[in-house]
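Trainee: Turn this into a structure:
(2 chains)
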Protein chains: 2
Amino acid sequence: MSFPIPGQAAGIDAGRLAATLEEYAAIGATPGGGVTRLALSDDDRAARDLLARHLREVGCDVLVDDLGNMRGVLQGAPGYASVHIASHLDTVVRGGRFDGALGVLAGLEILRTLHERDIRPGRTLELVNWTNEEGARFEPAMTGSGGATGAVAASWVQDRRDRDGHRLGDELARIGYLGEQRHRPPIGHACLELHIEQGPVLDDLDRPIGIVEGIVGITWLDVMIAGAAAHAGPTPMVSRRDALVAAAEVVQAVREIGTAGEPPVAGTVGRFEVQPGVVNVIPGAVRMSVDFRAPDEETLHAMVKTLRRTAQEIGARHSVDIDVQQFWTSLPVRFDPGVVERLEAACAAAGIEPVYLWSGAGHDARHTADVMPTGMLFVRSRGGVSHCEQEFSAMEDISIATTVLLHAALALASDGINDATEEDAT
Amino acid sequence: MSFPIPGQAAGIDAGRLAATLEEYAAIGATPGGGVTRLALSDDDRAARDLLARHLREVGCDVLVDDLGNMRGVLQGAPGYASVHIASHLDTVVRGGRFDGALGVLAGLEILRTLHERDIRPGRTLELVNWTNEEGARFEPAMTGSGGATGAVAASWVQDRRDRDGHRLGDELARIGYLGEQRHRPPIGHACLELHIEQGPVLDDLDRPIGIVEGIVGITWLDVMIAGAAAHAGPTPMVSRRDALVAAAEVVQAVREIGTAGEPPVAGTVGRFEVQPGVVNVIPGAVRMSVDFRAPDEETLHAMVKTLRRTAQEIGARHSVDIDVQQFWTSLPVRFDPGVVERLEAACAAAGIEPVYLWSGAGHDARHTADVMPTGMLFVRSRGGVSHCEQEFSAMEDISIATTVLLHAALALASDGINDATEEDAT
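Mentor: Numbering: from 1, shown residues only, chains lettered A, B, ... in the order given. Okay, here's the model as predicted:
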């Protein structure tokens, strides 16, 4: 057994990683080449089962906590806080094959590389698959990492329901992934997350990877519009209380608010439901989500305020009631300078000059950053698109990113125990 | 047995009719006091079964055709074309208890009145319950009357599918109402339809009933918008191809086109579906219906033309593809002057001065008007609202309308056989 220093880290097997990405992408594969693997669906279970098998094959213990978060534990030197590599296997509806899965499977490739070469890390390494990062089935997003790090209550997470009324905790039990609270990922020495950029910055700069400086603040709102359903024929245009016509103006207001700032400021209506939804009935009700993002809390707050004011104006103009509820917020965060330094060093070792960028998307790393030193690495996304079937990252870029991740993880894993290691090695 | 002349018609039993309206409103009743009784649902079957029993109780034969249209036949003098009283028992989602059901149940009340007093009409009377008038489950609307009168092919009607993929013909068989082609309602001497106004004209004028001059032209379009789904966070506002933002402008264009003319010109987006419909994903696709109405063909055509042009402009501005398909049209129609005269005479006999108005909604009478002399009577709708749970018509107005309908039906039923009647009666 040896505790290697970073420079000695063996190269990963890019072909094996590519095959593994294919293998997992087949679980929940869509006709359009993407993946629909909603949290706690049968496909999510299949992906989890496969990951558990793969983790055991490389000598890891597999543990599942009461939020369904699962991890493989590769034992290192006892008595030292562990180093985490974490991401998620769930996807949105008709999402891509890289978002989330890449971070988990790059971690698996690192564990396979270490196993194959009989390299033991200094500190214990943990590969974490967080439950329900996307929030596509159970809103909001990142409930697994949020519950485990104390950002939200675990019981609240377990009580989340999908649109069909299924409870998250019940669905965990149904697929066999309702584990124990004592198995929640511990507070580690550091946490690393590799993820696709999901934006165009690296592609525009023609660079394979980037070091993430921080994550934008995100807030989600529920906008409910109550008008009056009525027959589309005999109801004069002037006397209508059309919820959809008012909702269309809210959609445009959200776009205007999002466009008023520089990126990563953004505003999006993603979920949008019209009742009763019949061709010859004036819509009586619309419910929509609003997603606002900004790099600082003040801007985020101002965006919400503008939306509320505009919604009231629109409601008055169309004689409809508009209710705006802010139901989830993730404050902006700046990543740990020490972890960023390790990522810089690993880039240097791989001969890559790093690009620094902000994440416009939320990630589980947002929650881990609250409880332990955390950092993120981005891989270029072709065209900057994600959460869709066209999502693509090249294996060449993925290979570079995984190598950098391996170097950084081993460096962090050797923190504070290098002397002991050298003694052991003699 | 006697063939009465109109003035001799016995009064209807308003209390019994009110109780019967309650009885049918209980089938598919919604918590909000309305009715959801979609065509060929289990509730539709229950309502049909009840109607069949009620028709047999008053001495009618009950026949069902290959489109599920059902009718009770009260035999009159042989060799004469029959007089139809027709409407429908299906409703929209969370619709009211009067739209459609009133026309059928007023007809039932007339048959009960005749039965109770042993009055036989001159000509055969037929009470018709058309299948799928609303088009709420199987688009388009009025497929039962359209198929039976030859406006559309019966096989095409049977092949209509609901959103879950169920075929209309299969659903007819499932609920036991797939009858025989030879049982389609015959081309009658005349057809009468009593219906709630579904608009505010009578309520504004404070009048109980109105004689309908004609039905507006209606056209339905399917608008499909294809943008690009992408992650709501890292995708800059300027590089988005957001299908929902473009769709919001189409909704406003439809409203502007509808508002440009005087009533009954109208434009409505009723069905509106967003894909993938997830809070943190920019919508990649929107599909919506457009309902345009106008009293003349030229206006209707111009409205469609304006929508097509505007949709192209919106599509270009947002870099999305917008496809506009016109999939159903019902041309405007003016009702038969002879039938209108009988309704006027019946109003006079009831001491009611008639109001004349156009129908902004489509009705099965639109189709029967193509093959036989047809007329319609409207009952005041409180607030003009319909296709919603708040739909309401007062029993006082309903009672007047049913009495007028009875007089008009008996007058039409005695056409050309009054002499023979008198001979028989001696």
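
Trainee: Contact partners for A:T402?
Mentor: Neighbour list for A:T402: A:I12, A:A14, A:L17, A:A106, A:E109, A:I110, A:L194 [criterion: C-beta atoms under 8 Å, 6 or more residues apart in numbering or on different chains]. The C-beta positions use only the backbone N, C-alpha and C, and glycine is treated the same way.

Trainee: now, which of the residues you listed lie within helices?
Mentor: A:A14, A:L17, A:A106, A:E109, A:I110 (DSSP state H).

Trainee: Go through those residues and name the one nearest chain B.
Mentor: A:A106 (19.2 Å; C-beta to the nearest C-beta).

Trainee: Verify the contact between that closest one and A:S399 for me.
Mentor: No. The criterion here is C-beta atoms under 8 Å, and A:A106 misses it with A:S399 at 9.5 Å.

Trainee: which residues are in contact with both of these two?
Mentor: A:L17.

Trainee: Comparing these two, which shows the higher neighbour count?
Mentor: A:A106 (30 against 22; other C-beta atoms under 10 Å in any protein chain shown).

Trainee: Let me know the distance separating that one from A:D13.
Mentor: 12 Å (C-beta to C-beta, to the nearest Å).

Trainee: So which residue is smack in the middle of chain A?
Mentor: A:H363 (3.8 Å; C-alpha atoms, centre = their mean).

Trainee: so it makes contact with A:G214?
Mentor: No. Taking contacts as C-beta under 8 Å, A:H363 lies outside contact range of A:G214: 10.8 Å.

Trainee: so what sits against both of the two?
Mentor: Joint contacts of A:H363 and A:G214 (C-beta under 8 Å, 6+ apart) do not exist.

Trainee: what's the spacing between the closest residue to chain B within the stretch 201-350 of chain A and B:G135?
Mentor: Of all residues in the stretch 201-350 of chain A, A:P234 sits closest to chain B, at 2.8 Å by C-beta to the nearest C-beta. Separation of A:P234 from B:G135 (C-beta to C-beta): 16 Å.

Trainee: Give me the more crowded residue out of these two.
Mentor: A:P234 (28 against 21).

Trainee: give me the number of residues near the residue nearest to that one when sequence neighbours are not counted?
Mentor: Nearest in space to A:P234, with sequence neighbours left out and distances taken as C-beta to C-beta, 6 or more residues apart in numbering or on different chains, is B:G199 at 2.8 Å. Here the count is done by other C-beta under 10 Å, and B:G199 has 29 residues near it.

Trainee: tell me the SS of B:G199?
Mentor: coil (DSSP: H, G, I helix; E, B strand; the rest coil).

Trainee: What average pLDDT does whatever helix or strand A:I398 lives in get?
Mentor: Per DSSP states H and E: A:I398 is located in helix A:395-413. Helix A:395-413 comes out with an average pLDDT of 96.

Trainee: How about the contacts made by the one residue in the stretch 1-150 of chain A that gets nearest to chain B?
Mentor: Residue of the stretch 1-150 of chain A nearest chain B, by C-beta to the nearest C-beta: A:V93 (4.2 Å). For A:V93, the contact set (C-beta under 8 Å, 6+ apart) comprises A:T36, A:L38, A:A136, B:P276, B:G277, B:V278, B:V281.

Trainee: redo that, cut-off 10 Å
Mentor: Residues counted as contacts of A:V93 (C-beta atoms under 10 Å, 6 or more residues apart in numbering or on different chains) are A:30, A:34-38, A:134, A:136-137, A:387, B:229, B:275-278, B:281.

Trainee: what does A:G188 give?
Mentor: Contacts of A:G188 by C-beta under 10 Å, 6+ apart are A:80-84, A:86, A:123-126, A:128, A:368, A:371-374, A:412.
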